[in-house]
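Chemist: Sequence first, predicted coordinates after that:
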Amino acid sequence: MDGARRIVDADVLVEDGRIKSVGRLDRGTVGRSKLTTIACSGLIVLPGLVQAHIHLCQTLFRGLADDLTLENWLAQRIWPLEAAHTEDSVYASAMLGAAELLLGGTTAILDMETVRHTGAAFGALEEIGIRATAGKCLMDAPSNPVGLRESTDKALSDSADLCARWHGTAGGRLRYCFAPRFAPSCTGPLLRAVSDLAEKFGAVVHTHAAETPVELEIVKRETGHDEIAYLDSVGISGPRAALAHCVWVDKDAIARLARHATNVVHCPSSNLKLGSGIAPIPEMLAAGCRVGIGADGAPCNNRLDAFAEMRLAALIQKPRLGPDALPAAQVLELATLGGARAMGLEKEIGSIEVGKCADLVVLDLNGPHAQPEDTDLVSRIVYSAMATDVRHVIVDGQVVVKDGALKTADLKEIRTGANAQARRLRRSAGL
Ligand SMILES: [Zn+2]
């Protein structure tokens, strides 16, 4: 995954968190230098995988909301659980999710938190070392549940404060995004103001769009517009916007997304588990849309595994369009450069190129499921590889996973904290 998609036998030299060179280094010189070396012979070095739609605040809800439609999933489980969150549970949820992501080779995420305690999630992200653009969820419409609804002014002022506090911190590794939940949760004035704020701060707007026909009907009834056109009319379109799902998009909506270079984030597992449908990704790519991938939240997946999403993204299109739809190379691009674009970071991450941030994953494809070895490497990564094949992970030049073990936090402590908080949340939400 360099600019020319070459696969080379090389050393990757990293200095001050950036890729300094890709090529053969003289072994004698390396031996005499003060370089820290990670032996990767026989292994695959990939750019870190990017998931452009995640809800870390929902990691503790895993297994608590199976087999429900999106509307019931939200109203009966997710909203009561989110309303029950405290600083401690948001922190524990973020640590658990980020640990799973890093161990599985995801180095960067676009994350939608809940309405409150987003600072605690940023604290976790800072500590664990993942690259993240995260934002507080915005819900100001009168139809929202009382436990999460906020006034438009409070939603906006809290967002602006969080952005001022966190955007560009940890050496640029952490960024803020403005995150209206979805059009039916937000008033028109909020959406317009969010678009202005994102422009002012140079931040991404991260929301859900066109996930189910019910959602489309609500937006049509309330605004008179198709949802993608409505979001466009309030300024939520263009390279600064990342719209998760876009399952129910017609030709006009696809053309509009492509025309404005709006980012679509494909979440195949979530779309299947909630029965939402299959997003027409090959049609969107053919129209010139920008597309990334994401696992969405733990309760609608139930994993946060980029390898599972890549494989599924390729497979689900094939019964509909034929086995040549969405080949492996295109999928790998969605999970790297596509996600980087959705985060507005395509000049910084998503490929192994000199000058880019050193966000790297080292894969061991020597397991029987990924052999024999003299076959197409990209096919082995997309169709055969698993999260457990990840050996080392580097974010911003920092080794965060070494030999399959998390280096930046104690996994046992994360698990203990997550379980204690999950129990408290379930009691508090009456589940
Ligand atoms: Zn989502």
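Modeler: Noted; the coordinates are in hand. In this text the structure is predicted, and so the values were computed from the model without any measurement.
Chemist: Which parts of the stretch 151-300 of the chain are strands?
Modeler: Counting by DSSP state E, counting those that start in this stretch, one finds strands in the stretch 151-300 of the chain at the ranges 174-180, 204-209, 241-245, 263-266, 290-293.
Chemist: for the record, mean pLDDT for the third one?
Modeler: If you average the pLDDT over strand 241-245, you get 98.
Chemist: Which neighbours in the sheet does it have, and how are they oriented?
Modeler: Strand 241-245 pairs in its sheet with strand 204-209 (parallel), strand 263-266 (parallel), by DSSP bridges.
Chemist: where does the stretch 51-200 of the chain have low pLDDT?
Modeler: Applying pLDDT under 70 to the stretch 51-200 of the chain flags no residue at all.
Chemist: Any figure for the gap between M343 and E373?
Modeler: Distance, M343 to E373, by Cβ to Cβ, to the nearest Å: 33 Å. To be clear about C-beta, it is placed using only N, CA and C from the backbone, and glycine gets the same treatment.
Chemist: Who has more neighbours out of the two?
Modeler: M343 (26 against 10; other Cβ atoms under 10 Å).
Chemist: close enough to count as contact, that one and A132?
Modeler: No. Using Cβ atoms under 8 Å as the test, M343 is too far from A132 to be in contact (9.1 Å).
Chemist: Quick check: neighbours shared by the two?
Modeler: A108, L110, R175 (Cβ atoms under 8 Å, 6 or more residues apart in numbering).
Chemist: Quick one: these as CSV, columns for neighbour count and distance to E215 too.
Modeler: Below are the shared contacts of M343 and A132 laid out as CSV (neighbours: other Cβ atoms under 10 Å; distance: Cβ to Cβ, whole Å):
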residue, neighbour count, distance to E215
A108, 31, 27
L110, 29, 20
R175, 25, 27
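Chemist: and which of the residues you listed is nearest T59?
Modeler: Using Cβ to Cβ, L110 comes nearest to T59 of the shared contacts of M343 and A132, at 15.4 Å.
Chemist: Quick one: classify that closest one as helix, strand or coil.
Modeler: strand (DSSP: H, G, I helix; E, B strand; the rest coil).
Chemist: Give the bridge partners for it, please.
Modeler: T133.
Chemist: can you pull the contacts of it?
Modeler: L110 sits next to 51-54, 132-134, 177, 204, 206, 242, 265, 292, 294, 339, 342-343 when contact means Cβ under 8 Å, 6+ apart.
Chemist: Any quick PyMOL command for the buried ones out of those residues?
Modeler: Applying 16 or more other Cβ atoms under 10 Å to the contacts of L110 leaves a buried subset, and the PyMOL line that selects it is:
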select buried, resi 51+52+53+54+132+133+134+177+204+206+242+265+292+294+339+342+343
